[in-house]
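# Sequence isn't available, so here's the structure alone:
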């Protein structure tokens, strides 16, 4: 390897590393190395002079440096960069002209004219005849997408590659035709096979979708099943909500009654005016608790059925209360009979929905009454406590001597009420 080639390699590596945009996933130093390797591969197997070999290697290294300036007409920019660099290295003018001609020959739309043009053109497009074709092709597609040039879908890119390989590209050198053309044809065959496979798959999916849609339109089974599933789920959720509401009432009233028993009952003897408010308060809480228990109390049915019931479709096997006393063998037999008849299955689900609805109606009706009683009880209790306190204060003022302090009323009333009455009598 000549010193000029070594300097050029270092120059191109530094230039692309520092000035090439990161969106160039294909036209980067990796691509330059591949083109250089392919160029040397052709040179080694072709009768090329050392001078021409050096020209080709220089062209392979410098042909894409123009991408650091612009994408459009990058070949012209590459020529400018190559001319400046090679001139600085003291390269002969003829060599520079030949290198520039090879760089311009990499324009895909122009046909190569000289043998050197053919070699560099084949080396630049050598990935078409290599095993890494798919990888390189995908990098090029992504580069187009990142730079906003074109956004190909996988199918569109597959079609574009087929078009390029069949209509727009050809190898020119004897070596490429003998060694790279077979791999190119294999790559093309893989693309066509993949396209055909994808097309068959899409067609199969379209047929499946068509028949699936037709089946849905003709058969209401899916809609019926969805109806029962949603309805049963909603019923169960509403039942859970009702039980939660009843549990809340039970807990609240239990706490209230505990507080009443602990704090008020023991003081009723010395505070007789609190008897009625406390009684109203306690009674409303007790009634609320009883109704909450009634609302959530489960009912168990007989749990038995006969074969005649199954034959006449009079038993609902979806509810445990109808079979909890039956043996496993009897229940298994009944279920097998049930699933044989689609109408019987729907009938059982309908009964289950209906009776769940009846249970929910009872629960929510009792809960409504319970909440109403609890609300009224709280209001009446608070009012009665207020009336009792006010009445008691008025009575206390009547039995006190003139000029007695209000502080005395508040602090000593509960302990000295009977003594104050006696004082008035004296």
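Nice, I can see it. The structure displayed is predicted, hence computed values, not measured ones. Residues are numbered from 1 along each chain as shown.
# Let me see the domain layout of the protein.
3-205, 221-264+281-388 (automatic domain parsing).
# Could you single out the most deeply buried of the ones you listed?
Neighbour counts (mean count of other CB atoms under 10 Å) averaged over each of those peak at domain 3-205, with a mean of 17. In this view, the C-beta of every residue, glycine as well, is placed from N, C-alpha and C.
# Let me see the mean pLDDT of it.
Mean pLDDT, computed over domain 3-205, is 91.
# pLDDT below threshold where in the stretch 201-350 of the chain?
Applying pLDDT under 70 to the stretch 201-350 of the chain flags residues 211-220, 266, 269, 322.
# Quick one: the helices in the stretch 201-350 of the chain, in order.
For the stretch 201-350 of the chain, the helices defined by DSSP state H, counting those that start in this stretch cover 221-259, 275-296, 307-311, 328-340, 342-399.
# Make TSV out of the ones you listed and add distance to residue 193.
What follows is these, written out as TSV (distance: least, CB to CB, whole Å):
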stretch	distance to residue 193
helix 221-259	38
helix 275-296	68
helix 307-311	59
helix 328-340	47
helix 342-399	47
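# which residues touch residue 74?
The neighbours of residue 74, taking CB atoms under 8 Å, 6 or more residues apart in numbering as the test, are 64, 66-67.
# circling back: Throw the domains of the chain into a markdown table and include distance to residue 275, thanks.
Converted to a markdown table, the domains of the chain look like this (distance: least, CB to CB, whole Å):
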| stretch | distance to residue 275 |
| --- | --- |
| domain 3-205 | 81 |
| domain 221-264+281-388 | 9 |
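# Any idea which of those domains gets closest to residue 274?
Of all the domains of the chain, it is domain 221-264+281-388 that lies closest to residue 274, at 6.1 Å by CB to CB.
# ok now the closest one, how far from the chain's centre?
36 Å (CA atoms, centre = their mean, to the nearest Å).
# For residue 271, state which of the contacts of residue 74 is nearest.
Nearest to residue 271 out of the contacts of residue 74 is residue 67 (CB to CB; 98.2 Å).
# Out of the contacts of residue 74, which is nearest to residue 282?
The closest of those to residue 282 turns out to be residue 67 (CB to CB; 91.0 Å).
# contacting residues around the closest one?
20, 24, 27, 74, 77.
# Could you tell me which of the residues you listed belong to helices?
74, 77 (DSSP state H).
# Turn the contacts of residue 67 into JSON lines, including distance to residue 335.
Shown next, in JSON lines, are the contacts of residue 67 (distance: CB to CB, whole Å):
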{"residue": "20", "distance to residue 335": "73"}
{"residue": "24", "distance to residue 335": "68"}
{"residue": "27", "distance to residue 335": "70"}
{"residue": "74", "distance to residue 335": "76"}
{"residue": "77", "distance to residue 335": "81"}
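# before we move on, back to that, minimum distance to residue 271: which of the domains of the chain has it?
Comparing the domains of the chain under CB to CB, the one sitting nearest is domain 221-264+281-388, at 8.5 Å.
# now the end-to-end length of the closest one.
67 Å (CA to CA, to the nearest Å).
# wait, which of the contacts of residue 74 is closest to residue 261?
Closest approach to residue 261 among the contacts of residue 74 (CB to CB): residue 67, at 90.4 Å.
# For residue 382, give its distance to residue 277.
Applying CB to CB, to the nearest Å, the value for residue 382 to residue 277 is 8 Å.
# Revised request: answer the last question for residue 59.
Taking CB to CB, one finds residue 59 at 107 Å from residue 277.
# and what of residue 12?
Taking CB to CB, one finds residue 12 at 99 Å from residue 277.
# what's the answer for residue 91, then?
From residue 91 to residue 277 the distance is 113 Å (CB to CB).
# One more: residue 355?
43 Å.
# ditto for residue 145
The gap separating residue 145 from residue 277 is 80 Å, by CB to CB.
# Kindly provide the distance from residue 273 to residue 131.
103 Å.
# right, I mislabeled it, should have said residue 351
For residue 351 relative to residue 131 (CB to CB), the value is 69 Å.
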